[in-house]
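Enquirer: Need a 3D model of the sequence below.
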Amino acid sequence: MAKLVFGMNQSLDGYVDHMAFAPGPTLFRHFIDEVQSSTGSVYGRKMYEIMRYWDDEHPEWDADRRAFAAAWRKLPKWVVSRTLKSVGPNARLVEGDLAGAIRALKAEHDGGIGVAGPDLARSLTELGLIDEYQIYLHPVVLGQGTPFFAGPRPRLRLAATDRMDEDVIRLTYVPA
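Expert: So this is what the prediction gives:
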């Protein structure tokens, strides 16, 4: 059975914002490895539309950007949306009963399935379906924005800490 993992870059004050700060080279290579070893990802509509950037080639990309794009394109993707009518390559639309669809997805696969986006994570947390939370804590204070925990604050237990680069620590939590 697969486990559902919600992980995102987060500021010290609890916000996620891909435009306010970005991973450095070491952390970006970690994310390449994560995508390459992942079973797939479940996306909310907004995060999926942001990530579609990786579907297109960009001549200014360095080798790491090209490697990430190649891994992301190969990755099976499930997109949860009530408004999208179609999705891009290697992606499938999830409609209807969210809890049933995600439970089936977990039962049909092994390994880790990433959860992309705090809004989707909120819904999946409410349903008790997230098995692990990974906070990539950056030394940045935003003061506002979208919180990592956009809804319920589940009772968690610290499972691991990892120094990812000189400034970023990954905190891994599981439901208590």
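Enquirer: For stretch 64-80, list every residue counted as buried.
Expert: A67, F68, A69, A71, W72, L75, K77, W78, V79, V80 (16 or more other CB atoms under 10 Å). In short, each C-beta sits where N, CA and C put it, glycine included.
Enquirer: secondary structure element for the fourth one?
Expert: Secondary structure assigned from DSSP states H and E places A71 in helix 63-74.
Enquirer: and the gap between the residue lying farthest from the centre of the chain and A70?
Expert: The C-alpha centroid of the chain is most remote from P59, which lies 25.6 Å away (CA atoms, centre = their mean). Look at P59 and A70: by CB to CB, to the nearest Å, they are 15 Å apart.
Enquirer: Just the mean pLDDT for stretch 90-105, thanks.
Expert: In this model, stretch 90-105 carries a mean pLDDT of 95.
Enquirer: For the remainder of this discussion, apply numbering that starts at 606.
Expert: Fine by me, first position is 606 from now on; the one you just mentioned is stretch 695-710.
Enquirer: Buried by neighbour count: which residues of that stretch qualify?
Expert: A696, V699, L703, I707, L710.
Enquirer: before we move on, what about stretch 766-781?
Expert: M769, D770, V773, R775, L776, T777, Y778, V779.
Enquirer: likewise stretch 624-637?
Expert: For stretch 624-637, by 16+ other CB under 10 Å, it's F626, P628, L632, F633, H635, F636, I637.
Enquirer: List the contacts of that stretch.
Expert: 614, 616, 669, 672-673, 676, 741, 743, 745, 747, 750, 769-773 (CB atoms under 8 Å, 6 or more residues apart in numbering).
Enquirer: Hmm, which of the buried residues of stretch 624-637 is lowest in pLDDT?
Expert: Minimum pLDDT for those is recorded at F626 (86).
Enquirer: hang on, that residue is in a strand, isn't it?
Expert: No: counting by DSSP: H, G, I helix; E, B strand; the rest coil, F626 is not found in a strand; it is coil.
Enquirer: Run through the strands of this protein in chain order.
Expert: 608-615, 620-621, 645-649, 682-685, 696-699, 717-721, 737-742, 751-752, 761-768, 774-780 (DSSP state E).
Enquirer: got the CA positions of the last one in CSV?
Expert: This points to strand 774-780. Only the C-alpha atoms of strand 774-780 are listed here, as CSV (Å, rounded to 0.1, in the frame of the first residue of the first chain):
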residue,chain,number,x,y,z
ILE,A,774,16.0,21.5,7.5
ARG,A,775,13.4,18.9,6.6
LEU,A,776,11.0,18.0,9.5
THR,A,777,9.1,14.8,8.9
TYR,A,778,6.0,14.3,11.0
VAL,A,779,3.4,11.4,11.1
PRO,A,780,0.0,11.5,12.6
